[in-house]
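1. Build me a structure from this.
(chains A and B)
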Amino acid sequence: MATSAAEAEAMIRSGVAALRAGQAGEAIRLLRGAAGAGSVAPPWFLLAQACRHGGDGQGEAAALDKLLETEPRHLGGLIMRADCHLRAGDRRAASSFYATALSAAAGQSQVSPMMANELRRAEATVAELERDFADHLESTLRERFAGGPLTGRVATAVDLMLGRKQVFLQQPKSFYFPGLPQIEFYERSQFPWLEDVEAAIPDIRAELEAVLTEDGAFIPYVESEPNRPPATHLLLNDPRWGVFHLWKQGAPVAGNAERCPRTMAALERAPMPRIRGRSPMALFSLLRPGAHIAGHNGLLNTRLICHVPLIVPGRCRLRVGNEVREWEEGKALIFDDSIEHEAWNDSDSLRIVLLFEIWRPELDEMERAQITALFETIELYGGGAGED
Amino acid sequence: MSLSNPEAERIVRSGVAALQRGDPRAAAAAFEQVAASGRAGAPVWLLLAHAHRATGDAAAEEAALDALLAIEPGVPRGLIMKGDRRAAAGDARAASSFYKKGLNAAAAASEPLPADLQEKLVRVRAWLDINEGAYREHLEREMAKRFPAAGRSRRFQQSLDILFGEKQACFQRPTSYFFPELPQIQFYERSLFPWVEALEAATTGIKEELLALMRSRELFQPYLVAAPDRPRSDFHGLLDNPKWSSLYLWENGRPVEENAARCPVTFAALEKVPLPRIGVRAPVVMFSWLQAGARIPPHNGAMNARLICHLPLIVPSGCGFRVGNEVRAWEPGKLLIFDDTIEHEAWNDSDEDRVVLIFDIWRPELDEAERAAVAAMFEAVDSFPGTLKA
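-> Numbers count the residues shown, from 1 in each chain, chains lettered A, B, ... in the order given. Next comes the predicted model:
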């Protein structure tokens, strides 16, 4: 016998009343009847609630599946379905439904206070499930790799997956060379010539100290250039970040280079690019106490930057992408400056490093020649993009 | 010489009047007098620059503009006039830099711009377009002399395309797992992989097996099927849609036995391929059937520890495949190897169906220890209580 729309609606009303009166079994019977009537929209959500009160987990899940088939972003339905999965021990499915509810809610301007409560509960549960997951992952991996903790790229991948690190990519401001690996700090062992440069550190430091005795030898690192719009850098014309140029725009800096012959000689050991009008670039970089160079990206990703720490008071650090390293006297750092990086001197004395550029090791001779030709061609042009 | 405020104001007014009656020399003299007293603000320097421009004294105009921009670096008129001076001096690079800054400053202005300034901006944009073209021509001409296009490395050529805005830099954006420090490469060249030749040589046999399977249409299932225990998320109408369907040879990391029996040649050909072994996640091997007219919209794969290979088997014309900034055609029997965590899309605009064999391989950059660690990690992930969403 068919149930008319009016009869079905009456069943729903009675079902709701029964649910309020705490008669879950009666509510389930009435609401299930209305759902099967075919003459009204089936009250799946009410039925699910009645089933939950009546302790019928399977009935609840089935009603919710029906509900979500037609209304896949139903907040209450998504959260209840997640609860069902959690009760059944399926934490992954639960997590997935909670997360969908949270993202669906993020698109809504207003939710009822009751729903806001439910969403907070969903959020807390997702966070707890994530902690459980992280613990599980770490203990399992510890068993598998008894030799010690994960290292290198795999360890970083795990941190990324657990949301402890974020992905940083090369974002050079003026020229992007594709296909290169995205490495923040390079390991020293890849650069056999580093030892030669580091061996000269006592000589380099002696030359630096002589320079330091003269007032005005260091100039602000960021200066406004004639015939270019003024830079908007926070440290513009600020002596807290100072520089003493040795090689600038591809030429030794007259007056400076002569004062540091042993530094210049040591630099010859490094694979510095030779690009007319641009490279090499080498300098002493000075950071005064308390100075902070805010996060920024370099111009190109065809080179790496090498820092040879000369005077390091401690409490000084360099961040490249995810990783923060401290300068250690005598130990060079090599990094990709096209990845966001920033620097601090939180000590109360000067920090000075010898800074220079080197070719990226991934570029072969032919590519280096092509890049050199390109930049020299750019330099030759009076016109153009002016991005230098 | 010092001036009182009222005196300075009077002299400025007389200078403006002189400009208006067409006597820029007198105007310049008046503004110079105020400037010399040290009382000139940005507006006076701008007026002085205008006066010198009218008298044709380029050097004096530029000096006034420099003084103006030193006080107020963001004045659109000042930036554009400075650009004019640099352009006239043949320093197109500096001109370009000032013009761009001027355009940005004008765009950021809170009030509507006067008509004459708007007209200047139109002229500046045209100049920049022409200059950009000339710059590019210069680079291309000079580069052609030193490195003809044929002799350039592929990634160097790409860097030029990106520099000229012809292409965009594209990055890996895996949806669930990011392995760091890898090179961002869209398509890998076949010559890098020693097993490619043998696999391609088996194309005919593989295709015969495929054709036999295609006679039983019901063996193929929609590629995207709704998971009963996950929230429904449709992907551009392709969920449960046979327009994009597949038949698995390896699924959930295991060979599908009945299909292995149906495709002995294909299975044998895959033996030399470095299929990844990651618990229930890999290998994945399937015939992928894209019906006439179907499109797979842009999307990113789940993890970048592997690459995806396509062995094209049935390819009508009118099909295309894009990864990042590069579109390549499927050619029967010729592998495409690509990073599916970079945005990619596929289309079949023909009126016939397209079928390729798809499988994954380890990324060549991962060493053995890393492959073992990745596999162990996913096994740990998938042993987290709670059923796996494949």
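2. and the chain, what are its domains?
-> You didn't say which chain, so I picked chain A. By the assignment in automatic domain parsing, chain A contains the domains A:5-133, A:185-380.
3. wait, chain B
-> Split by automatic domain parsing, chain B gives B:5-135, B:187-382.
4. now those in TSV, with distance to residue A:267?
-> All C-beta atoms are positioned from the backbone trio N, CA, C, and that covers glycine. Formatted as TSV, the domains of chain B follow (distance: least, Cβ to Cβ, whole Å):
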stretch	distance to residue A:267
domain B:5-135	29
domain B:187-382	32
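5. Near chain A, which residues of the stretch 151-300 of chain B? Just list them.
-> With Cβ under 8 Å from any Cβ of the partner chain as the criterion, the stretch 151-300 of chain B meets chain A at residues B:152-153, B:155-156, B:158-160, B:162-163, B:169, B:171, B:176-185, B:228-233.
6. distance of residue A:219 from residue A:213?
-> Residue A:219 sits 16 Å away from residue A:213, going by Cβ to Cβ, to the nearest Å.
7. for residue A:368, same thing?
-> Using Cβ to Cβ, we find residue A:368 at a distance of 39 Å from residue A:213.
8. How are the strands of chain B distributed by residue range?
-> Under the criterion DSSP state E, strands of chain B are mapped to B:187-188, B:221-222, B:244-251, B:254-255, B:285-290, B:295-299, B:306-314, B:319-323, B:326-328, B:336-338, B:344-348, B:354-362.
9. Name every strand pairing with the fourth one and say which way it goes.
-> Taking DSSP bridges as the criterion, strand B:254-255 pairs within the sheet with strand B:244-251 (antiparallel).
10. How about the contacts made by residue 355?
-> Reading this off chain A. Counting by Cβ atoms under 8 Å, 6 or more residues apart in numbering or on different chains, residue A:355 touches A:282-285, A:305-308.
11. wait, chain B
-> Per Cβ under 8 Å, 6+ apart, neighbours of residue B:355: B:210, B:214, B:287-290, B:313-314.
12. and what of residue A:44?
-> By Cβ under 8 Å, 6+ apart, the residues touching residue A:44 are A:35, A:63-64, A:66-67, A:77.
13. and with 10 Å instead?
-> Residue A:44 sits next to A:31, A:35, A:62-71, A:74, A:77 when contact means Cβ atoms under 10 Å, 6 or more residues apart in numbering or on different chains.
14. one step back: more neighbours: residue A:219 and residue A:213, which one.
-> Neighbour tally, residue A:219 and residue A:213, criterion other Cβ atoms under 10 Å in any protein chain shown: the higher count belongs to residue A:219, 13 against 7.
15. Show me the shaky parts of the stretch 151-300 of chain A.
-> A:231-232 (pLDDT under 70).
16. Nearest to residue A:170 among the contacts of residue B:355?
-> For the contacts of residue B:355, the residue nearest residue A:170 by Cβ to Cβ is residue B:288; the value is 32.8 Å.
17. closest point of the stretch 201-350 of chain B to chain A, which residue?
-> residue B:231 (3.9 Å; Cβ to the nearest Cβ).
18. So that residue sits against residue A:79, correct?
-> No. Look at residue B:231 against residue A:79 with Cβ atoms under 10 Å: they stay out of range, at 11.2 Å.
19. Now do the shared contacts for these two.
-> Common neighbours of residue B:231 and residue A:79 (Cβ under 10 Å, 6+ apart) are A:97-98, A:100-101, A:104.
20. gap between the nearest residue to residue A:211 once chain neighbours are set aside and residue B:302?
-> In this structure, residue A:211 finds its nearest non-sequential neighbour in residue A:217, 4.9 Å apart by Cβ to Cβ, 6 or more residues apart in numbering or on different chains. Note on residue A:217: its distance to residue B:302, by Cβ to Cβ, is 55 Å.
21. Understood, closing this out.
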